[in-house]
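**Q** Give me a model of this one.
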Amino acid sequence: VIHVPSYLRGLWEECRAKAGGMKNASVQWKLMENNDMQQLSMDEYDAVILSAGAGILHDEIISDEQHELPVQLVRGQSIEMTVPDDKLTDAFLCGKYMSPLPTNNTSSQRFVIGATHEFKTDALSPADVIEELQGRTHQFAQHLWDNGAVDRLTTGVRMQSNRGALGRMPIIGRYDASIDSQKGICH
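**A** Next up, the predicted model:
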């Protein structure tokens, strides 16, 4: 779990620092809708950074046939719960996570618990999600499971790097947009 604004701020600062040390280099921050990526002319840029998520594969900005990224797409489902009169404000991260959610209700507290790691095509059923997450988090979130009620399940897809000798490491590399071009996409 990452805090995307902090991640993007750090990435932006690193890009600016790298460009600052190069002659005639500039860095441009440009937000695009997914469909706009298909219109991007690589002739305009030396590198394009696609950042923060599975969308570059899941939404086929880069197709499975075009990339050689050492990654896989993994479905994750989380549970949102409400617990009456709970003043716990701490989050826990130990294999799975539990974190308070913002709420205006002073008589209860909302939490998210997650997430599953699903590699199969078919998603786990809601009952299987609850069973898995309760089994993996009951030890550090017993008060939630004993006193709370499941409000809803959420689901998403994340891009996960393949495990290597040092575990799962961040990926930085170069993806050539076409065979004839020296331009590329940095990811």
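**Q** So what's the residue count around Q77?
**A** Burial of Q77 is recorded as 22 neighbouring residues (other CB atoms under 10 Å). From N, CA and C alone the C-beta is placed, and that goes for glycine too.
**Q** before we move on, what about V129?
**A** So V129, with other CB under 10 Å, has 24 neighbours.
**Q** Using the three-state scheme, assign it.
**A** Here V129 takes the helix state, with states given by DSSP: H, G, I helix; E, B strand; the rest coil.
**Q** For the lengthiest helix in the chain, list every residue counted as buried.
**A** Ranked by residue count under DSSP state H, the longest helix found in the chain is helix 4-20. Residues C15 are the ones in helix 4-20 that count as buried (16 or more other CB atoms under 10 Å).
**Q** go on, stretch 128-146?
**A** So stretch 128-146, judged by 16+ other CB under 10 Å, has buried residues V129, I130, E132, L133, Q134, R136, T137, A141, L144, W145.
**Q** and which of these is nearest T154?
**A** V129 (10.0 Å; CB to CB).
**Q** and the closest one, what pLDDT?
**A** We note a pLDDT of 96 for V129 in this prediction.
**Q** Surely it is in contact with L153?
**A** Yes. V129 lies in contact with L153 (CB atoms under 8 Å); the separation is 5.7 Å.
**Q** Give me the subset of the buried residues of stretch 128-146 lying in helices.
**A** V129, I130, E132, L133, Q134, R136, T137, L144, W145.
**Q** Output the residues you listed in a markdown table; the columns should cover distance to G167.
**A** Below are those laid out as a markdown table (distance: CB to CB, whole Å):
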| residue | distance to G167 |
| --- | --- |
| V129 | 25 |
| I130 | 28 |
| E132 | 22 |
| L133 | 23 |
| Q134 | 26 |
| R136 | 19 |
| T137 | 22 |
| L144 | 29 |
| W145 | 29 |
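**Q** and which of the residues you listed is nearest H117?
**A** Nearest member of these to H117, counting by CB to CB, is E132, at 9.4 Å.
**Q** need the contact list for the nearest residue to H138 once chain neighbours are set aside.
**A** Counting by CB to CB, 6 or more residues apart in numbering, the nearest residue to H138 once its immediate chain neighbours are dropped is W145, at 5.3 Å. For W145, the contact set (CB atoms under 8 Å, 6 or more residues apart in numbering) comprises Q134, T137, H138.
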